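Q: Structure for the following, please:
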Amino acid sequence: MKSQVCVDASLIVALLLPERFSPAALALWKEWTLSGWQVTAPMLIRYEVSSALYRKAHRNLISPEDSQAALQRFLALDLEILDPPLLLARAAELAGKLNLPATYDAQYLALAEHLDCPLWTGDERLYNAGHPHFPGLFWLGNYPL
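A: Take a look at the predicted model:
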């Protein structure tokens with residue numbers, strides 16, 4: 001059985017576009033690929049990545065063409081999208097436990113918990129809220145390059 005790792009949308013956007021933590025995201029992706037790890041995410045990631053790319057184009061941070069190209073690269077990634085039946089209920093529980101304003105980020109935590117695998121994020125706020133309760137939660141800003 002392959003080792004698994006869960007990723008959130010912030011890591012994927014850093015993988016697709018030049019951002020502060022892009023070098024870490026690229027290094028991790030390469031490491032996982034070479035080691036044969038299965039990279040996973042909840043279904044929500046499709047909507048979050050698409051929305052993040054659109055917002056960047058809408059704010060003129062990237063061109064619409066670059067947004068579309070990044071979206072195509074996202075769709076081509078070897079990323080297993082999972083939607084376990086109890087994910088939404090567990091995400092709501094975790095969001096309450098961590099005092100998160102919404103359940104979006106908690107869906108990534110719930111999936112990593114379900115799979116018993118690490119979760120990597122580029123979202124420092126999520127890391128700070130979740131790491132005391134989830135030692136398998138890692139932040140791109142702490143990745144040694």
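Q: ok, now which ones touch the nearest residue to Ala92 once chain neighbours are set aside?
A: For Ala92, the nearest residue in space outside its immediate sequence neighbours is Thr103; the separation is 5.4 Å by CB to CB, 6 or more residues apart in numbering. From N, CA and C alone the C-beta is placed, and that goes for glycine too. The neighbourhood of Thr103, defined by CB atoms under 8 Å, 6 or more residues apart in numbering, consists of 88, 91-92, 94-95.
Q: Repeat that for Thr33.
A: The neighbourhood of Thr33, defined by CB under 8 Å, 6+ apart, consists of Asp78.
Q: Please apply the same query to Glu124.
A: Applying CB under 8 Å, 6+ apart as the definition, the contact partners of Glu124 turn out to be 139, 141.
Q: ditto for Pro42
A: Listed by CB under 8 Å, 6+ apart, the contact set of Pro42 reads 81-83, 87, 107-108, 110-111.
Q: where do the helices sit along the protein?
A: When secondary structure is read from DSSP state H, the chain shows helices at 9-16, 22-35, 44-58, 64-76, 87-98, 104-115, 124-130.
Q: can you tell me how far the residue nearest to the spatial centre of the chain sits from Ser51?
A: Here the mean C-alpha position of the chain is nearest to the C-alpha of Asp8 (CA atoms, centre = their mean), at a distance of 1.0 Å. Relative to Ser51, Asp8 is positioned 13 Å away (criterion: CB to CB, to the nearest Å).
Q: do the same with Asp116
A: Asp116 sits 29 Å away from Ser51, going by CB to CB.
Q: One more: Leu61?
A: Using CB to CB, one gets 14 Å for the distance from Leu61 to Ser51.
Q: same thing with Ala24?
A: Taken as CB to CB, the span from Ala24 to Ser51 is 22 Å.
Q: Nice, that's everything, thank you.
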